[in-house]
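S.K.: Fold the following, please.
(one chain, ligands or ions: 1)
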Amino acid sequence: MSRQKNDTAKSSNSLWGGRFEGGTSDIMEKINASIGFDKLLYSQDIAGSLAHSEMLEKIGVLSREDAAQIRIGLMQIKQEIEEGDFTYDPKLEDIHMHIESRLTEIIGEAAGRLHTARSRNDQVALDFKLWIREAYDDLDDALKAFQEALVDKAEAHHDVIMPGFTHLQSAQPVTFGHHMLAYFEMFTRDRSRLQDARIRMNESPLGAAALAGTSFPIDRFMTAKALGFDRPTANSLDSVASRDFALEFLSVASICASHVSRLAEEIVIWSSAQFNYIGLSDKFTTGSSIMPQKRNPDAAELCRAKAGRIIGALSSLLIVMKGLPLAYSKDMQEDKEATFDAADSFSLIIAAMTGMIKDMTVHKEEMRASCDAGFITATDLADWLVRVLKMPFRQAHHVTGTLVALAEAQGCDLDGLTLAQMQSAESSITQAVFDVLSPESSVASRISYGGTAPSEVLKQVKSARDRIID
Ligand code: ARG
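M.R.: Sure, this is the predicted structure:
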């Protein structure tokens, strides 16, 4: 950690220093500056300023010449930033002051008129909203590609039989396609949550000014429209004080990341030598520097870990916000770093997961072989007793339990028992019971809507494709 030695005072800030005599200390500069991360918002800031100056010109607050100069100056700044030809200085705190200060250097006095009827408080809310809106759109595209990868995998393996688990114990056989579609449903809801949240946040805070609105006859509907918002926000205090749009982004991201993380966990388990249900491609695994046999599922592990990081961003912003009186407090500057980081992690894990799913090989023999352990068709036996012998389910459960214990003692599976052994537990059992004891017949029988039968999975694949929205 660097020690704060030369805590010298500086001259006062030219953008807000009118009432100050001395300067801020180095430490103040360091704790106050957001430029290190909010420089990401430059294009949103410039777009907001362009819309604002055009509106000010329309209502007669800015002359045509000033508005034109501001426009030209802002376009030059955009180019400078994009070409890496822009100087950042922590004294200027944030991206808003950097752009205004550079504009003053380029066009002189007219630059000082741009901030009429505006404050950094509505400016930052606007920029951040615009940024999150773009992030939503990029993530929505990424999630769509992921949905497609899952459905493709499901279709290709609609009849591959694997154990279905509860408590990570063999429960009933399922198909791998069905398992992939379970995730498809989760990510479909995630996409729909994302789209809902985007609609809710699409209101422009620009023109709320510092907190109370402004006495200038501004046209907030005009700027809202120019920036692609559905309408302006309805309350100026709320506009500058609220960050629930960021919290909702992080919530959507957290829920989705928790789904990615569960799939990542399954990939880690399935790709272990003990399970060996899938193979991961070279593209998404690493080797060990000491154990030559290793192929480690690092990408899956990192997806699992980054989900934790995204959830951490949500809780840190909730904690930052929960005690703030209205309207703006500087605490809110802490909203951006975690959100930017979460958005990066989020898009990275969706991309990595899409790649892993596309590339993974499915070991159907191993999956099928592991259905031979754990008496996985015991429920089918109990259902047969109910259906054919009209036994109450509770009694059928008990009889099946007795037969499982018998098979366990014999060291065989349920279909390894003889008919006589079956009849020792229930005399009316017939040879026909053996028809329901294979994993193949078990999955084939589960044709209820949304069930695991290959025929049903194919129907679900079709419906899933129809539900992927552009
Ligand atoms: N850098 C600030 C932020 O990110 C901008 C708003 C500053 N407003 C103020 N009143 N100091 O929140």
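S.K.: So which bits of stretch 66-83 are buried?
M.R.: For stretch 66-83, a neighbour-count test (16 or more other CB atoms under 10 Å) marks 66-67, 69-71, 73-74, 77-78, 81 as buried. Yep, even glycine has a C-beta here, placed from its N, CA and C like the rest.
S.K.: Same question for stretch 37-52.
M.R.: So stretch 37-52, judged by 16+ other CB under 10 Å, has buried residues 37-42, 44-52.
S.K.: So which residues of this protein form strands?
M.R.: 161-166, 169-175, 203-204, 231-232, 278-279, 361-362 (DSSP state E).
S.K.: Packed most tightly, which of the ones you listed would that be?
M.R.: Mean neighbours per residue, mean count of other CB atoms under 10 Å, is largest over the strands of the chain for strand 203-204, with a mean of 22.
S.K.: for that strand, packing partners?
M.R.: helix 220-226, strand 231-232 (3 or more CB pairs under 8 Å, 6 or more residues apart in numbering; DSSP states H and E).
S.K.: Out of the ones you listed, which is the most enclosed?
M.R.: Greatest burial across these, using mean count of other CB under 10 Å, falls to helix 220-226, with a mean of 20.
S.K.: mean confidence for it?
M.R.: In this model, helix 220-226 has an average pLDDT of 98.
S.K.: lowest-confidence helix or strand of the protein?
M.R.: Ranked by mean pLDDT, DSSP states H and E, the weakest helix or strand in the chain is helix 26-32, scoring a mean of 92.
S.K.: how about it: buried residues?
M.R.: 26, 29, 32.
S.K.: and the gap between the residue nearest to Ile106 when sequence neighbours are not counted and Ile81?
M.R.: Spatial nearest neighbour of Ile106, chain neighbours left out: Gly73 (4.5 Å); criterion: CB to CB, 6 or more residues apart in numbering. Gly73 sits 13 Å away from Ile81, going by CB to CB, to the nearest Å.
S.K.: just the helices in the stretch 301-450 of the chain please.
M.R.: Listed in chain order, the helices of the stretch 301-450 of the chain (DSSP state H, counting those that start in this stretch) span 335-359, 364-369, 378-389, 393-410, 419-425, 439-445.
S.K.: Mind putting those into a markdown table with distance to Leu317?
M.R.: Converted to a markdown table, these look like this (distance: least, CB to CB, whole Å):
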| stretch | distance to Leu317 |
| --- | --- |
| helix 335-359 | 6 |
| helix 364-369 | 42 |
| helix 378-389 | 45 |
| helix 393-410 | 49 |
| helix 419-425 | 59 |
| helix 439-445 | 45 |
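S.K.: The ligand is nearest to which of the ones you listed?
M.R.: helix 335-359 (6.2 Å; CB to the nearest ligand atom).
S.K.: Sort out which residues of that closest one are buried, please.
M.R.: 335-343, 345-347, 349-350, 352-358.
S.K.: want to throw the helices of the stretch 301-450 of the chain into TSV with distance to Met97 and mean pLDDT?
M.R.: Below are these laid out as TSV (distance: least, CB to CB, whole Å; pLDDT from 0 to 100):
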stretch	distance to Met97	mean pLDDT
helix 335-359	15	98
helix 364-369	60	97
helix 378-389	67	95
helix 393-410	72	95
helix 419-425	82	95
helix 439-445	64	95
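S.K.: how about those in TSV, adding distance to the ligand?
M.R.: Converted to TSV, the helices of the stretch 301-450 of the chain look like this (distance: least, CB to the nearest ligand atom, whole Å):
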stretch	distance to the ligand
helix 335-359	6
helix 364-369	51
helix 378-389	57
helix 393-410	61
helix 419-425	72
helix 439-445	55
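S.K.: Low-confidence ranges, the chain, go.
M.R.: Low-confidence segments of the chain (pLDDT under 70): 1-12, 14, 16.
S.K.: May I have the residues that are in contact with the spatially most central residue of it?
M.R.: Note on the chain: the residue nearest the mean C-alpha position is Ala253, at 3.0 Å, using CA atoms, centre = their mean. Going by CB atoms under 8 Å, 6 or more residues apart in numbering, Ala253 touches 139, 310, 313-314, 342-343, 346.
S.K.: export the residues you listed to a markdown table and tack on distance to Asp230?
M.R.: Output for those, formatted as a markdown table (distance: CB to CB, whole Å):
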| residue | distance to Asp230 |
| --- | --- |
| Leu139 | 20 |
| Ile310 | 27 |
| Ala313 | 27 |
| Leu314 | 25 |
| Ala342 | 25 |
| Ala343 | 22 |
| Phe346 | 24 |
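S.K.: Show me which residues of this protein are close to the ligand?
M.R.: The chain comes close to the ligand at residues 34, 38, 93-94, 120-121, 124, 328, 330, 332-333, as judged by CB under 6 Å from any ligand atom.
S.K.: just the buried members of those residues?
M.R.: 34, 38, 93-94, 120-121, 124, 328, 332-333.
S.K.: Next step: those restricted to helices.
M.R.: 38, 120-121, 124 (DSSP state H).
S.K.: Pick out the most distant pair among those residues.
M.R.: Across these, the longest distance by CB to CB is 13.8 Å; it joins Asp38 and Asn121.
S.K.: Leaving aside the residues adjacent along the chain, what's closest to Val404?
M.R.: Nearest residue to Val404, sequence neighbours excluded (CB to CB, 6+ apart): Phe375, at 4.9 Å.
S.K.: In contact with that neighbour, which residues are there?
M.R.: Phe375 sits in contact with 170, 404, 407-408, 413-414, where contact means CB under 8 Å, 6+ apart.
S.K.: Can you say which of those are buried?
M.R.: 170, 404, 407, 413-414.
S.K.: Need these in TSV (columns: distance to Asn202).
M.R.: As requested, the buried ones among the contacts of Phe375 are arranged in TSV below (distance: CB to CB, whole Å):
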residue	distance to Asn202
Ser170	48
Val404	57
Ala407	61
Asp413	58
Leu414	58
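S.K.: Tell me how far Asp372 lies from Ser49.
M.R.: From Asp372 to Ser49 the distance is 68 Å (CB to CB).
S.K.: next one: Met356
M.R.: Distance from Met356 to Ser49, by CB to CB: 42 Å.
S.K.: what does Asp435 give?
M.R.: Per CB to CB, Asp435 is found 74 Å from Ser49.
S.K.: in the stretch 151-300 of the chain, what residue is nearest the ligand?
M.R.: Ala210 (7.2 Å).
S.K.: tell me the contacts of the nearest residue to that residue once chain neighbours are set aside?
M.R.: Excluding its sequence neighbours, the residue lying closest to Ala210 (CB to CB, 6+ apart) is Ser119, at 3.9 Å. Counting by CB under 8 Å, 6+ apart, Ser119 touches 208-211, 240.
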